[in-house]
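> Build me a model from this:
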Amino acid sequence: FANELKLDKAGRLALAKQGADLLEIVRKAEPNNPRAIMGMGIYASVSGDLGGAVLAAKRYAELVPIGRESHGVLGWSLLGVGDTVGARAALEKALQFVSPAAPPADIYNNLAEVALIEDRPDEAIKWAQHALQASPNFVLNHVTLALAHARKGDQVQARKAAAEAVRTNPTLRLDIKDDTPWPGKEEAYRKYIETQYLPAWRLAGLPE
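Numbering: from 1, shown residues only. Prediction:
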């Protein structure tokens, strides 16, 4: 709930550490508790240990092989290390276990981010629109849609989505300076940020 609570990096880390301390108690009592392993993976990601997050997510998926959340978390963690091929496969597998009554905005948005990194703006727009239909008040869905339209070169639609993002969260600002680059792919990460992400953010008129 870091976005909803509007926490900065320090706030996210402090809150995640509280959770991690509690989860460590659970893990000592039940070493293969899948929820505890998932939570420790999230803490690893927030604290910058992206490799540790992937390992935890893979273990979670092994323990819960039939699950929308387990494969969704794995896809999210692989996205964090720049493995778009693995992320796409895990996220698409997660969709196999989705209930029609609960459309997965997070999975749709992560698929949109995969498409953005791979510079597939039409596909990114499709998934971002699905995410917004599932969760219209989540600011990240509006941001992703704005970036996708900007990558396609449609500034009008990009700025429309950006305006909705700011309406949803008036304090929205560009916040990537503390992000952890993809381990072992730092150059590819910088290239993506400098040649795709930042130009799209600015074309959309998102606040810096």
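> isn't residue 45 right up against residue 74?
No. Here residue 45 lies out of contact with residue 74, judged by CB atoms under 8 Å, at a distance of 11.9 Å. All C-beta atoms are positioned from the backbone trio N, CA, C, and that covers glycine.
> neighbour count winner among these two?
Ranked by neighbour count (other CB atoms under 10 Å), residue 45 and residue 74 place residue 74 first, with 29 against 23.
> what about that one, distance to residue 113?
15 Å (CB to CB, to the nearest Å).
> shaky segments in this structure?
3 (pLDDT under 70).
> what ranges do the helices span in it?
9-29, 34-46, 50-63, 68-80, 84-95, 105-117, 121-134, 139-152, 155-168, 186-192, 198-204 (DSSP state H).
> now the fourth one, how far from the chain's geometric center?
Pointing back at helix 68-80 there. Computed by CA atoms, centre = their mean, to the nearest Å, the chain-centroid distance of helix 68-80 equals 9 Å.
> ok, residues contacting that helix?
Helix 68-80 is contacted from outside by 34, 38, 41-42, 45, 50, 53-54, 56-58, 60-61, 63-64, 84, 86-91, 93-95, 97-99, 104, 106-107, 110, 113-114, 117, 180, 182, using CB atoms under 8 Å, 6 or more residues apart in numbering.
> Can you say which of the residues you listed are buried?
Among the contacts of helix 68-80, those classed as buried by neighbour count (16 or more other CB atoms under 10 Å) are 34, 38, 41-42, 45, 50, 53-54, 56-58, 60-61, 64, 84, 86-88, 90-91, 93-94, 97, 104, 106-107, 110, 113-114, 117, 180, 182.
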